[in-house]
Every structure is written in C-alpha cells, then in structure tokens.
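Peer 1: just to be clear, the model below is a prediction. Sequence and coordinates:
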Amino acid sequence: MAGNWKMYKTPAETQTFFEKFRPLVEKSEHCEIVICPPFTNLAAAVDAAKGSPIQVGAQNVAWAKEGAFTGEISGPMLKAVGASHAIISHSERRQYFGETDETVLKRTQAALEFGLTPIVCVGERLEERESGNTETVLVSQFQKGIAGLSEQQFAKIVIAYEPVWAIGTGKTATPEIAADAHKVIRAQVREKFGKDAADAVRILYGGSVKPDNVKSLMAQPDIDGSLVGGAALDPVSFASIVNF
Ligand code: PGA
C-alpha cells in the first residue's frame, strides 16, 4: 500500500503526519507500506519512520548516476537519504513534464541499478478509454517500457495501474474495470516473462482510492495493493486504507 503525496507537505508537516500515522500501522504486517513524499521531505520522512515498518520512496528518479541534469535527483542520492522505492512514469509526469515510454524504461533501469524498487505506472486517458483503446494503450506502454527489462530486473519491480481519468477526480474505476485492466497487464507479463513472473508480480491500483472503496477493490484477486494520492495525505484515512 503506497501513498503518493505529490507536491504536498513541508518537512514539519511530514513529521506531524508520521507522529499520527505510525501508531495506527505499527502492527500492520499484512502488507508493505510505502510513503512517497516530495524530495525535500525524504530525509524527514526517513527519520520519522525509523524503527517502524514504513518505507519511504521518491516520486521520480533520474536515469543517470550524476551529471549536468538540472532539476533531477539520482538513484544514489535517493539511496543515500534512505529511500527504498521510486514511483516512475506517473501520468502527471507524462502529462506535464514530457515523460515518455522511452524515459520510463531508462528511469526504471536506473532505479534498479541503484537498488531502489521501482513502482512503474501505466494507465489510459479518458479519451483512450472512451474510444475503446484501453487495452491497446496498456499493451503499448508495457511493450515500450517494462518489456525492455531483463527477467531478473522485472522480478524486482512493482506495477501500478492508474487510469488517468480516475486520478484526483473522485471517479474510481469500478473493481471490475480495474480488475480487467490488471488482467491485461498480467497477461502481458505472462507472455513476456512467463507464468511464475506473472503470478509473483504485484500490480497496484491507483485512482481515487479511499477508505470506503478500498475493500471492494482489494477483493479482486488481480489487485494486489493500491497507490493512493489524496487520501494518503491524511494519517487516519491512509491508515484505514492500509488496514482495510
Ligand atoms: P488520487 O491519486 O488517489 O488522488 O486519485 C492517485 C495517484 O495519482 O497516484
């Protein structure tokens, strides 16, 4: 269960969040818990999470180790601050910052090279769904991005299905719609990396996950977890999602 804080919270607010959140999930051993705050809060989050089962992730990672890449943060830098995960290719990166399938693969490989677990996002836009192209889009994103990994690399990633029309809109995909998309993705994994890889990979659902809909989403066998935006900003609401 991963929380994506997007561009919200200061280090002080991060500390306050953890003070309230930690006791609510201290005994939650049924899942991994990851919080992905803005880069500027990573150190505060790692510090606040010490001694708890909560892991801390970044929202992006550069494809290079270091260099003239103004505005980017590299894998070794994230590792050094104590991050364990990195979200890659979130649709907001694609929409506003020119992220492409090619850069997705490069960033995913860099995350793996530097010891971070990539949470690789895929998902269709509203017009793609309405024109009946959901499957084509998911297959294409998979083929151009994730399919470029080796079997060993693939075994270490987490996939997140996030239909763009459901992000921050309050429009959750129904559990059936989400499960159908997860099946498409898992079938791609099976074809490319084999049955064992398809059974083992965790596919998270993201898009308006809330305490009152998480149970029905998680009841779908193909949905293995969730990537939560808005509802992960509040400690009580994210804890009730984690503890669904
Ligand atoms: P949301 O965001 O839960 O606010 O819809 C999900 C995401 O973008 O990861």
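Peer 2: Cool, the structure landed. Numbers count the residues shown, from 1 in each chain.

Peer 1: other residues contacting stretch 70-83?
Peer 2: Applying CB atoms under 8 Å, 6 or more residues apart in numbering, the contact partners of stretch 70-83 are 39, 42-43, 46, 56-58, 60-62, 64-66, 86, 110-111, 113-116. Bear in mind the C-beta positions are built from the backbone N, C-alpha and C, glycine included.

Peer 1: doesn't L78 belong to a helix?
Peer 2: Yes. Checked against DSSP: H, G, I helix; E, B strand; the rest coil, L78 lies within a helix.

Peer 1: in terms of pLDDT, where does it sit?
Peer 2: The score at L78 is 98. That number is its pLDDT.

Peer 1: which helix or strand contains R190?
Peer 2: Assigned by DSSP states H and E, R190 belongs to helix 175-193.

Peer 1: which parts of the helix or strand following that helix are buried?
Peer 2: Using DSSP H and E, the helix or strand that follows helix 175-193 in sequence is helix 195-200. With burial defined by 16 or more other CB atoms under 10 Å, the residues of helix 195-200 counted as buried are A198.

Peer 1: ok, now stretch 198-218?
Peer 2: Judged by neighbour count using 16+ other CB under 10 Å, the buried positions of stretch 198-218 are 198, 201, 203-211, 213-214, 217-218.

Peer 1: what's the end-to-end length of that stretch?
Peer 2: Stretch 198-218 has an end-to-end distance of 18 Å (criterion: CA to CA, to the nearest Å).

Peer 1: not counting its neighbours along the chain, what's nearest the closest residue to the ligand within the chain?
Peer 2: When scored by CB to the nearest ligand atom, the chain has G229 as its residue closest to the ligand, at 2.2 Å. Distance criterion CB to CB, 6 or more residues apart in numbering; nearest residue to G229, sequence neighbours excluded, is N4 at 5.1 Å.

Peer 1: how many neighbouring residues does that neighbour have?
Peer 2: If you count neighbours by other CB atoms under 10 Å, N4 ends up with 26.

Peer 1: residues contacting it?
Peer 2: Contacts of N4 by CB under 8 Å, 6+ apart are C36, Q59, I87, H90, G206, L227, V228, G229, A232.

Peer 1: now do the contacts for the first one.
Peer 2: In this case it means C36. Neighbours of C36 in contact, by CB under 8 Å, 6+ apart: A2, G3, N4, W5, V56, G57, A58, Q59, H85, A86, I87, I119.
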